[in-house]
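K.L.:
Mind looking at a prediction? Sequence and model below.
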Amino acid sequence: MSASELGLVLVAFLTGLSFAVVAPILPLQVKAFGISYEMLGLFFSAYSLTWGVLQLYTGYLSDRYGRRRFALIGLAIHPLVLRSLPLIIMTIEAHGYIDFLFSEQTS
């Protein structure tokens with residue numbers, strides 16, 4: 001197996017692993033955010049749906065412009081997004097969007 005094939009297998013493994021480690025921490029997330037399991041399920045469903053739809057576009061673009069380029073761009077963006085998440089969450093909380101999403105809707 002060449003080094004590039006091994007790298008691709010490693011990236012695929014880590015992607016799958018990232019989905020597998022979510023299930024054990026779901027109760028902690030429900031408790032930390034004060035939401036129901038149904039609401040948390042909706043968020044994960046929205047994430048999975050978005051991921052699936054974007055795969056169609058990124059697959060086409062990576063075939064056209066090169067898979068290596070997209071893999072390197074993704075690996076470069078990922079740590080930047082992770083480092084900016086606290087700032088994004090603080091901004092969302094400061095504007096009250098979290099309270100709006102999780103408040104009981106009455107009609």
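P.N.:
Yes, it's here. A quick note: this is a predicted structure, and the numbers were derived from the prediction, not measured.
K.L.:
Need the per-residue pLDDT for the residue most central in space within the chain.
P.N.:
Computing the C-alpha centroid of the chain and ranking residues by CA atoms, centre = their mean puts residue 47 first, at 6.3 Å. Looking at residue 47, its pLDDT is 77.
K.L.:
next one: the one 10 residues further on
P.N.:
At residue 57, the pLDDT value in this model is 87.
K.L.:
And the helix or strand it falls within, what's buried?
P.N.:
Assigned by DSSP states H and E, residue 57 belongs to helix 37-65. Buried residues in helix 37-65, defined by neighbour count with 16 or more other CB atoms under 10 Å: 40, 62. Bear in mind the C-beta positions are built from the backbone N, C-alpha and C, glycine included.
K.L.:
elements contacting it?
P.N.:
helix 26-33, helix 67-94 (3 or more CB pairs under 8 Å, 6 or more residues apart in numbering; DSSP states H and E).
K.L.:
could I have stretch 48-63 exported to CSV, CA atoms only?
P.N.:
C-alpha atoms of stretch 48-63 as CSV (Å, rounded to 0.1, in the frame of the first residue of the first chain):
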residue,chain,number,x,y,z
SER,A,48,-26.2,14.5,8.5
LEU,A,49,-28.6,15.8,5.8
THR,A,50,-26.3,18.8,5.1
TRP,A,51,-23.3,16.5,5.0
GLY,A,52,-25.0,14.2,2.5
VAL,A,53,-26.2,17.0,0.2
LEU,A,54,-22.8,18.7,0.2
GLN,A,55,-21.1,15.4,-0.7
LEU,A,56,-22.8,15.6,-4.1
TYR,A,57,-21.2,19.0,-4.8
THR,A,58,-17.8,18.4,-3.3
GLY,A,59,-17.6,15.1,-5.0
TYR,A,60,-18.2,16.7,-8.4
LEU,A,61,-15.8,19.5,-7.7
SER,A,62,-13.1,17.2,-6.3
ASP,A,63,-13.3,15.1,-9.5
